[in-house]
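J.: model the following, please.
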Amino acid sequence: MARIDRPSLHGLSRETPGTENFRINIDHEISEAEARASKSEAIPFGETPEQRKREFQEALRKILRVGQDRDSSNKKIWTEALHLLDNPRVRVPNHKR
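T.: Just a heads-up that it's a prediction; the model follows:
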C-alpha cells in the first residue's frame, strides 16, 4: 500500500476556500505528493511509477473521505481534493503549474 506523505496533507489544510488559486494550489499539492510517492521507496520488481501513483491516489482518497467526516473546518478542501482526484480532466496541466 502506498505511503501517504503527511506534510502534503498539512499543505492542503492550509488552503483557503474561495481564493483565486484555490483549485490550482490544491492540485499542485496533490501533484507534488504524487511525484514523491511515485519515486519513493524501492519499487518491487514489475511495479511501475504509474502503478505506485495510482496506489497513492487510492490511499489519499480514503484519507480525504475520512477527513470530510472528521474535520468539518476543512471539508471544502477535502471535497475539492477528492473532486480533482476523481476527475483528471479538471486537473491543471503540468505546463500551467
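
J.: may I ask which helix or strand of this protein has the lowest mean pLDDT?
T.: Least confident helix or strand, the chain: helix 6-13 with a mean of 68, by mean pLDDT, DSSP states H and E.

J.: name the element the spatially most central residue of the chain belongs to?
T.: Closest to where the C-alpha atoms of the chain average out (C-alpha atoms, centre = their mean) is I30, at 3.2 Å. Under the criterion of DSSP states H and E, I30 resides in helix 22-39.

J.: do T16 as well
T.: For T16, there is no host helix or strand (DSSP H and E).

J.: D27 and L85 touch, don't they?
T.: No: D27 is beyond contact range of L85, at 9.6 Å (criterion: C-beta atoms under 8 Å). Bear in mind the C-beta positions are built from the backbone N, C-alpha and C, glycine included.

J.: between these two, tell me which one has more neighbours.
T.: More crowded of D27 and L85, by other C-beta atoms under 10 Å: D27, with 21 against 18.

J.: excluding its backbone neighbours, what's nearest that one?
T.: Ranked by C-beta to C-beta, 6 or more residues apart in numbering and with sequence neighbours excluded, the top spatial neighbour of D27 is V92, at 4.6 Å.

J.: which SS class is the one you found?
T.: Here V92 is coil, with the state taken from DSSP: H, G, I helix; E, B strand; the rest coil.

J.: show the contacting residues for the spatially closest residue to R23 that is not a sequence neighbour.
T.: Once its chain neighbours are removed from consideration, R23 has its nearest residue in E80; the separation is 6.3 Å (C-beta to C-beta, 6+ apart). With contacts defined as C-beta atoms under 8 Å, 6 or more residues apart in numbering, the neighbours of E80 are 17, 22-23, 26.

J.: tell me the spacing between E80 and R14.
T.: According to C-beta to C-beta, to the nearest Å, E80 stands 13 Å off from R14.

J.: cool, and R52?
T.: 26 Å.

J.: repeat that for A37.
T.: As it turns out, when the distance is counted by C-beta to C-beta, A37 lies 20 Å from R14.

J.: and what of R65?
T.: For R65, the distance to R14 under the criterion C-beta to C-beta works out to 20 Å.
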